[in-house]
Every structure is written in structure tokens, then in C-alpha cells.
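[1] Quick check, what structure comes out for this input:
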Amino acid sequence: MNTILELREKRSKIWNTAKEFLDQKRGADGIVPPEAAAEYDKMETDMVALGKEIERLERQQAYDLELSRPTSLPITNAPTKPEAPKTGRASNEYKEDFSRHLHGKALLHNVMTEGVDADGGYLVPTEFEHQIVSGLDEANIIRSLAKVITTSSERKIPLAASHSVATWTAENGAYTESNPTFGQTQIDAFKLTDLVKVSTELLQDNMFDLESYIAQEFARAFGIAEEQAFCVGTGTGQPTGIFTANGGQVGVTANSATAITVDNVLDLVYSLKSPYRRNAVFLMNDATVSLLRKLKDSNGAYLWQPSVQAGQPDRLIGYPIYTSPYVPAVAADAFVIAFGDYKNYWIADRQGRTVQRLNELYSTNGQVGFIATERVDGKVILAEGIKLLKMAAGS
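    Modelled structure (predicted):
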């Protein structure tokens, strides 16, 4: 913990030094000379590298905390009641048979049939599925910010398109009708798959933790594909991204195709209704953050401030800022910054992921294939809750 705080303080000092450097080198026209800009870029690179190291250490700390938890409880005055036997995909028999299925061994219990799908795959055990979901949370910023639901079928979500309006009415006067209107949007389920191949030598090695390897590999692949779709997905055969015409609402259009001003950022914040601002955060890519680090408000204070508190993100105008590599970079007509409450973006997981073993397809190469499948959708449900900054059209 002390190391993380020390690194955060060191990062903050580098940023303070960089700010002073910019203030000293910036000319009357507001432009920093090229040679000074190169020196500043080096300081910024060091600051970004420290930020990545802090994130790694915080993840490591979380892993250590999880692994250090006791595997059993101490005896107390009253003996604990025995756990109720687990059933279905949570049962020990199911997990044992699933592990044997992955290794190509004969099943010992007659329980896997309850999870067989039409293509010959098996629903993963409950704990295995939770392991994948946990991996997705770590690799997927939007999944950690959005509202996540689990569905068993397509889900229609009712929306209030307009509200009723109260009117002042004279005593004994007639009431004025108010006709609120309603609409709906549908959450679907798009199929996401991954196929990995494992050599038969590794499968025969009892020291190789096949379940952990496959869970981590599928989590990494699914996390990357999901994050990209949640950012810029077309909605055709995949989720609808936030940074698309059918995603958030445009709150501000920049005057330039290549530059973002302080006024653009402030206008974006106040284009969002105040109830949403209470839980609002910024989302953009690292290159855009680099541009915003140089901006000051009317009082001469920099808009961007590094976090010096463990587990807390950096801030922009006092609001948390998150980054994803799949948010579009600054370019003509691009949606480059989102600001809002991301509980208005819904992610729907269709219940149950499957893993299928392919024994014969790669046998000539001495390998066995494993296919993982999930069905998921993502969509902005209330567009007014997430505002976008759009760059100007190119000349």
C-alpha cells in the first residue's frame, strides 16, 4: 500500500513540475515551442507509465487479498451448520465431470446431460462462469460502469417518451388533459465466440491447470471484443456502441476537427441535466486525455488533475475520468468524449455460457480445440443520460 501511495505522490510531483514547465515555456500566443513540447512529452510519458504501474500494483493487491482469505472458519462457541448440498451446475459432481470433459476423460456422474446444448457443448459450472465474468470486469471499463442484467430471452424495456404537464386551474374550472407518451426499446442477444487450441501434451500434464487457462483466455478475448462493441459497435450482429449515432446524444460539437477547447469541455458537462451529473464520469481514450492535460480554466487551473488516493481515478473538472483504447481518437466527425451516468447503458447477458471440446478437428496437429460461446447485447437505453463531444467536420 505504501508503495502505491509513494508512486501516486511521485506521479503528482511530475505533473506539478510539468505544469510549471508549460507555464514557463508557453508564449504570449499560448503556443509551446517544439523543443519545449518534446521535453514536456517526456514528462507526460513518465507520468502515464507511473499510472499504468499503479494500476498493476492495485490489481496485484486485490489478487493478494483474495488469495490470502482463510479457506476455513475458526471454531466458535456454536458449531456452524453444514452447508446445504449444492445442486445443478454448482454441484461438485458437475464441476468434476466438466473438468473431465475438458481433459477428454470419461464422465463419472450422470449430471452433464442437463447442460448439453444442440451443438454438443456443455454449460459451464457456476463457479467457472463466475470466474469468466470476473475476468471481464477487469478487462472491460464499460462493463464496470454500466447496468448489467441477466436475461433468458429478448427483453423489451418501456420508456417514457414524454411526461405529463401540470397546469394552473381556476376554481371550478375544467381540468386540462395531459397525455404522456411511451415507447420501448429491445435488448437482444448477439453471439460471441472464441476458439482456442491446446496441445495434447499439455492436456496430459496433470500440473497444467487447464480450467484456469481456458477461463483466463476466454475472459481476455471476450473482454476485448465486448469493450470494442460497447464503444463503437454497429448494432448489427453486435451491441450498439456508446460512441455512435445510435448511442449517446451529441451534447457539443467542437469548432475544430483537430482541437478541443476548455469551453467545449465545460459545455459538454452542462449539456447533461443536473440529476445525471451526480453520478457522471468522463470516458475517452488516452490520446484525448493527453490533449486535455494542457488545458486551463479561466482561473488558470488545469482541468485535469491526477489522483493521489489509492483506487480512485484521475479527474477532469472534478469528475472521474476513465479511458478505453476503443474510444475513437480525435478526428473529423468523430465522437471522442462521453460524459454521463453509464447506468443508462444496459448490458444484457443471456444466461449461460457454453464450452465445447473438439476432439478430432485438430488431431492431426496434436491439438484439441475448445469453443466458448456467450450471448450478450449492449445499448444506450436513455440517450439523454450520456452526452457526447463530436469533432467538427473536416475541410
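
[2] Could you pull out the strands in the stretch 151-300 of the chain for me?
    Applying DSSP state E, counting those that start in this stretch to the stretch 151-300 of the chain gives strands spanning 155-160, 182-187, 190-199, 249-253, 281-284.

[3] so which of these gets nearest Thr3?
    strand 281-284 (26.6 Å; C-beta to C-beta). Backbone N, C-alpha and C define where each C-beta goes, glycine included.

[4] in the closest one, what counts as buried?
    With burial defined by 16 or more other C-beta atoms under 10 Å, the residues of strand 281-284 counted as buried are Val281, Phe282, Leu283, Met284.

[5] do the same with stretch 15-30
    Those buried within stretch 15-30 under the rule 16+ other C-beta under 10 Å are Trp15, Ala18, Lys19, Leu22, Arg26.

[6] just the strands of the stretch 151-300 of the chain: most buried one?
    Of all those, strand 281-284 carries the top mean neighbour count, a mean of 24, counting by mean count of other C-beta atoms under 10 Å.

[7] still on that earlier bit, quick one: which of the strands of the stretch 151-300 of the chain is nearest Lys387?
    Using C-beta to C-beta as the criterion, the shortest distance between Lys387 and the strands of the stretch 151-300 of the chain is 3.1 Å, found for strand 249-253.

[8] Just give me the closest of the buried residues of stretch 15-30 to Ile214.
    Using C-beta to C-beta, Trp15 comes nearest to Ile214 of the buried residues of stretch 15-30, at 41.3 Å.

[9] contacting residues around the closest one?
    By C-beta atoms under 8 Å, 6 or more residues apart in numbering, Trp15 lies in contact with Met47, Pro306.

[10] helix or strand for it, which one?
    helix 2-25 (DSSP states H and E).

[11] quick one: that helix to chain centroid distance?
    Counting by C-alpha atoms, centre = their mean, to the nearest Å, helix 2-25 is centred 28 Å from the centre of its parent chain.

[12] which helices and strands sit right next to the longest strand along the chain?
    Residue-count comparison of every strand in the chain, with assignments taken from DSSP state E, identifies strand 367-380 as the longest. In terms of contacts (3 or more C-beta pairs under 8 Å, 6 or more residues apart in numbering; DSSP states H and E), strand 367-380 is packed against strand 182-187, strand 190-199, helix 200-204, helix 210-232, strand 345-350, strand 354-358.

[13] Pairing partners for the second one, with directions?
    By that I understand strand 190-199. Using DSSP bridges, the neighbouring strands of strand 190-199 in the sheet come out as strand 367-380 (antiparallel).

[14] From the buried residues of stretch 15-30, which one has the minimum pLDDT?
    The member of the buried residues of stretch 15-30 with the lowest model confidence is Arg26, at 81 (criterion: pLDDT).
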